[in-house]
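Chemist: Predicted model and sequence follow; I will ask about them next.
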Amino acid sequence: MKNDNRNRLVPRLSTSHALRKDRTGIQGLDELTGGGLPHGRPTLVCGGAGCGKTLLGMEFIVNGAKDFDQPGVFVAFEEQSQELAQNFSSLGLDLNALVEKKKILLDFVDIERSEITEAGDYDLDGLFIRLGYAIDSIHATRVVLDSIDALFAELSNIAILRSELRRLFRWLKSKGVTAVVTAERGDSGLTRYGLEEYVADCVVQLDHRANGQMFTRWLRVVKYRGSRHGTREFPFLIDEKGISLMPITSTGLKYTVSSERVSTGIPRLDAMMGGRGFYRGSSVLVSGTSGTGKTSLAAHFARAASASGERCLWLAHEESPSQIDRNMRSIGIELEPEIKKGMLRLHAVPPTIYDLEMHLLVIHKLVTEFDPRVVIIDPISNLALISSETEIKAMLIRLIDFFKMKQITSLFTSLSMGGPLVESNDAKLSSLMDTWLLLRVIESGAERNRVLQLLKSRGMDHSNQIREFLLTDHGAELRDVYLGPSGLLLTGSSLLVQKAHEKARAVLRDQKAGTREHALEHKRQALEAHIAALRAEFEIEQLNAQRIAGQSEQRSTVLSGDRIQMAKQRRADSGKAKKQR
């Protein structure tokens with residue numbers, strides 16, 4: 001019976017309605033929180049100085065007013081309204097215009113430290129009245145308090161402080177507004193007083209810390225009552241457009257693939273892949289030692305994509321856009337026309353200016369803004385200056401995942417170390433790539449010549465032959481493979497010399513063959529003459545034989561006639577005749 005009573009006393013919570021959320025309009029934050037901040041509940045945004053708390057709160061108010069038709073009140077305890085309007089104008093936010101339209105209300109509450117006394121009846125009723133009036137005047141559904149520490153900066157009575165903090169959060173809930181309350185980071189906890197994070201329904205922690213010589217801002221959703229959310233830290237960027245966040249998580253390898261092909265820009269290279277080029281949405285690694293033509297090959301791909309009507313984003317880590325354009329003109333590739341048409345964007349940034357996470361965020365932001373079909377990163381190996389090989393590979397996994405989700409064909413160049421094991425330098429990166437092109441230099445005959453080899457290309461038949469890779473004044477060319485007498489690949493002058501030798505040998509063979517044919521012709525003619533002589537001799541002998549045979553026959557006839565005549569004359573048969581009578 002006791003267990004039955006306990007079951008009756010515990011109410012069953014209804015799960016038929018999902019938690020309602022209000023979108024912040026901040027790129028990436030709504031994705032991370034599963035749709036925005038909890039509607040009608042307070043959210044605590046905590047962090048140190050300069051990490052972006054005020055900016056996040058202001059974007060929440062402005063985006064709500066402009067994009068979601070939700071008026072908002074921004075209450076500042078440290079900056080006056082005109083200072084706020086001036087500071088945020090650098091981000092393109094015209095706060096005064098929104099105030100005139102009664103979309104937002106800016107209120108500065110000046111709290112004099114000398115007027116704060118620690119008494120048992122201390123409360124925030126005055127603030128509640130003022131805030132309630134501001135909410136009702138514009139029918140606000142969003143509120144920001146920046147920052148809560150100013151309200152209690154001089155209070156040392158922990159009991160009063162905790163009591164008023166709870167009252168503040170309960171009052172905000174009772175008004176049904178979606179509130180953002182900012183707070184400074186504490187020495188040993190998330191906040192200075194260590195209570196705010198417990199009474200808030202959602203807690204967002206911001207941080208601004210150094211990694212080596214680079215500073216990066218980070219965001220983490222510490223808790224979110226009634227909702228799932230990302231738990232790890234994510235870097236975010238503050239630029240002229242405000243806050244940008246990239247919460248890239250595992251996609252579970254569920255992206256779709258395409259059978260469509262895109263040209264490499266080099267016909268003979270397309271021929272090595274069945275005559276059609278790379279798969280759309282695939283990842284391509286072009287590795288090689290310095291001076292092998294990696295950037296030139298990338299330029300061919302960029303020009304081909306741009307000329308076919310596809311936007312191409314080129315992220316350069318070593319050269320400026322003008323330097324790339326000038327260098328490519330030397331091999332007959334004009335990039336400037338495609339840049340002017342808006343089909344090609346060259347974005348140059350030194351690798352050491354950001355850490356890996358910030359590079360990932362910047363790439364995400366550029367891709368979102370430009371919407372390219374092709375992305376080139378030249379070179380990816382420079383990221384080794386700021387991070388370890390393992391961290392770079394983890395970053396590339398997320399980046400390639402992002403490209404594949406958007407069906408973007410990506411090409412990465414990588415600088416390899418020299419030596420006989422040049423392939424092993426990029427073996428770890430190559431496992432992430434669908435196609436791997438290796439450029440090498442072969443030294444022979446006191447010269448260096450480039451060669452290209454297609455080491456792998458997933459999902460297609462491809463050539464296993466090494467090709468000579470030439471950079472001419474009209475672009476890159478691939479020469480057919482050519483083996484010398486020793487079985488080694490010949491390139492450059494050695495190839496020309498070998499071809500000259502073979503041509504000379506062919507001429508000599510032709511000459512010898514001509515001489516033999518001439519001798520055979522003479523022999524044939526002599527043989528035919530001899531045959532004719534024998535035939536004539538035979539005919540003469542045949543005539544003589546026929547003549548002799550005729551004479552012999554004629555003689556026999558004459559002799560036979562003579563015998564008959566002689567017999568008649570002798571009458572040799574007269575006696576026989578008489579007896580017979």
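Modeler: That came through fine.
Chemist: tell me the phi and psi of the spatially most central residue of the chain?
Modeler: With distances taken as Cα atoms, centre = their mean, the chain has S410 as the residue nearest its mean C-alpha position (1.9 Å). Its backbone dihedrals place S410 at phi -120, psi 140, with angles given as degrees, to the nearest 10.
Chemist: That one pairs with what?
Modeler: When bridges are assigned using DSSP bridges, the partners listed for S410 are S283, V375.
Chemist: My guess is it contacts P372. True?
Modeler: No. Distance between S410 and P372: 9.7 Å, which falls outside the contact criterion (Cβ atoms under 8 Å). Placement of C-beta: from N, CA and C, glycine included.
Chemist: and for these two, which residues touch both?
Modeler: Counting by Cβ atoms under 8 Å, 6 or more residues apart in numbering, S410 and P372 have no shared contacts at all.
Chemist: returning to that earlier point: mind listing what the residue nearest to the centre of the chain touches?
Modeler: If you count contacts by Cβ under 8 Å, 6+ apart, S410 has them with S282, S283, V284, V374, V375, I376, I377, L399, I400, F403.
Chemist: any idea which helix is longest in the chain?
Modeler: In the chain, taking DSSP state H as the definition, the longest helix is helix 492-570.
Chemist: Output the host helix or strand of V45 in CSV with nothing but the alpha carbons.
Modeler: V45 belongs to strand 42-47 when assigned by DSSP states H and E. Extracted in CSV, the C-alpha atoms of strand 42-47 (Å, rounded to 0.1, in the frame of the first residue of the first chain):
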residue,chain,number,x,y,z
PRO,A,42,16.0,32.9,-18.7
THR,A,43,19.3,32.0,-20.3
LEU,A,44,22.6,32.8,-18.7
VAL,A,45,25.5,33.9,-20.9
CYS,A,46,28.7,33.9,-18.8
GLY,A,47,32.4,34.5,-19.6
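Chemist: which helices and strands does that strand pack with?
Modeler: For strand 42-47, the helices and strands in contact under the criterion 3 or more Cβ pairs under 8 Å, 6 or more residues apart in numbering; DSSP states H and E are helix 53-67, helix 158-174, strand 178-184, helix 196-199, strand 202-211.
Chemist: what about 7 Å?
Modeler: Contact analysis of strand 42-47 by 3 or more Cβ pairs under 7 Å, 6 or more residues apart in numbering; DSSP states H and E lists helix 53-67, helix 158-174, strand 178-184, strand 202-211 as its packing neighbours.
Chemist: Quick one: work out the angle between the longest one and strand 178-184.
Modeler: Using axes from the mean of the first three to the mean of the last three Cα atoms, to 10 degrees, the interaxial angle of helix 158-174 with respect to strand 178-184 works out to 150 degrees.
Chemist: what do you get for the first one?
Modeler: Here the directions of helix 53-67 and strand 178-184 differ by 160 degrees (the same axes, to 10 degrees).
Chemist: Just checking: what are the partner strands of the helix or strand that helix 53-67 is followed by?
Modeler: Taking DSSP H and E as the definition, the helix or strand that follows helix 53-67 towards the C-terminus is strand 72-76. When pairing is defined by DSSP bridges, strand 72-76 lines up against strand 104-108 (parallel), strand 142-146 (parallel).
Chemist: so after strand 72-76, what's the next helix or strand?
Modeler: Immediately after strand 72-76, counting by DSSP H and E, sits helix 81-88.
Chemist: could you give the angle of that following helix to strand 104-108?
Modeler: Interaxial angle of helix 81-88 relative to strand 104-108 (the same axes, to 10 degrees): 120 degrees.
Chemist: Next, the buried residues of helix 81-88.
Modeler: Applying a neighbour-count criterion of 16 or more other Cβ atoms under 10 Å, one finds S81, L84, A85, F88 buried in helix 81-88.
Chemist: next one: the longest helix of the chain to chain centre, how far?
Modeler: Counting by Cα atoms, centre = their mean, to the nearest Å, helix 492-570 is centred 81 Å from the centre of its parent chain.
Chemist: on contacts alone, who are the packing partners of it?
Modeler: strand 447-457.
Chemist: CA atoms only: put the strand it packs on into CSV for me.
Modeler: C-alpha atoms of strand 447-457 as CSV (Å, rounded to 0.1, in the frame of the first residue of the first chain):
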residue,chain,number,x,y,z
GLU,A,447,68.4,18.3,-65.6
ARG,A,448,65.2,18.0,-63.5
ASN,A,449,61.9,17.0,-65.2
ARG,A,450,58.4,16.7,-63.7
VAL,A,451,56.3,13.6,-63.8
LEU,A,452,52.7,12.9,-62.7
GLN,A,453,51.3,9.7,-61.4
LEU,A,454,47.6,8.9,-60.5
LEU,A,455,48.1,6.8,-57.4
LYS,A,456,44.4,6.2,-56.7
SER,A,457,40.9,7.3,-57.7
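Chemist: partners of that strand, with directions?
Modeler: In the sheet, strand 447-457 lines up against strand 435-444 (antiparallel), strand 467-472 (antiparallel) (DSSP bridges).
Chemist: of all these, which lies closest to T43?
Modeler: Nearest to T43 among the strands paired with strand 447-457 is strand 435-444 (45.9 Å), distances taken as Cβ to Cβ.
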